[in-house]
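Undergrad: Return atomic coordinates for the entry below.
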Amino acid sequence: MRLFTAVLPPPAALAELGAEVDRLTALPGAGRLRWTRPEGRHLTLAFLGEVDEDLLPELTERLGRAARRHPAHGLRLSGGGRFGDRVLWTGVEGDRTALTRLAASVAAGARRAGVPVEERPYKPHLTLARAGRTARVDLRPYAAVLAGFTGRDWRTHELTLVRSRLPGSGVPGEQPRYETLRAWPLDG
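TA: Numbers count the residues shown, from 1 in each chain. You can find the predicted model right below:
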């Protein structure tokens, strides 16, 4: 099964972000982007990829331990940027150090459970849109609009393990479906 770990912003923060995304979708070329649905918006901590179900008990035990070692912390969605002309995102402010430590702990726990997790610097962000492989869209105007966005402060209280079901119909624009498998309170 295809898995990732995440922090899920609260509904009020997602509603604010949704209003900002509505502004972005009115810009020229927005129809050529695949916009993340509101229910799919999250802050990925570690992408785990395809995980054998036999590893799930050990993985969930280690993720629970990671959650118990880290405190709830304050965050806010703010600003934005792009990864080339492929991905548009909003950033994260607040206790980024605590979020980065949580991400590192989650990745280490997954590795100890036998799940290979790529080692790279963690860049907290929430993906808003992706350009298709052939559709070239200049994302700079979108990032410029996002530069002034500052959402409300909120506290992250839990770590979530999410299953991603990739689209299989071949319908253009179809997006993955996400299913929360387990969530743990941050207790540290």
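Undergrad: May I see the buried residues of the longest helix seen in the chain?
TA: For the chain, the longest helix by residue count, based on DSSP state H, is helix 96-112. Across helix 96-112, burial judged by 16 or more other Cβ atoms under 10 Å covers 98-107, 109-110. In short, each C-beta sits where N, CA and C put it, glycine included.
Undergrad: tell me which of those residues is nearest to L75?
TA: L99 (6.6 Å; Cβ to Cβ).
Undergrad: For the closest one, give me its contacts.
TA: By Cβ atoms under 8 Å, 6 or more residues apart in numbering, L99 lies in contact with 7, 43, 45, 73, 75, 92, 122, 124, 156.
Undergrad: can you list the weak-confidence ranges in this structure?
TA: 135, 167-174 (pLDDT under 70).
Undergrad: for it, which strand is longest?
TA: strand 73-83 (DSSP state E).
Undergrad: how many neighbours does R140 have?
TA: 11 (other Cβ atoms under 10 Å).
Undergrad: Check the contact between it and G81; I expect there is one.
TA: No - checked against Cβ atoms under 8 Å, the pair R140 and G81 is beyond contact range at 9.8 Å.
Undergrad: Just give me the closest of the contacts of L99 to A13.
TA: Nearest member of the contacts of L99 to A13, counting by Cβ to Cβ, is L75, at 8.4 Å.
Undergrad: For that closest one, which non-adjacent residue is closest in space?
TA: For L75, ignoring the flanking residues on the chain, the nearest one in space by Cβ to Cβ, 6 or more residues apart in numbering is G94 at 4.0 Å.
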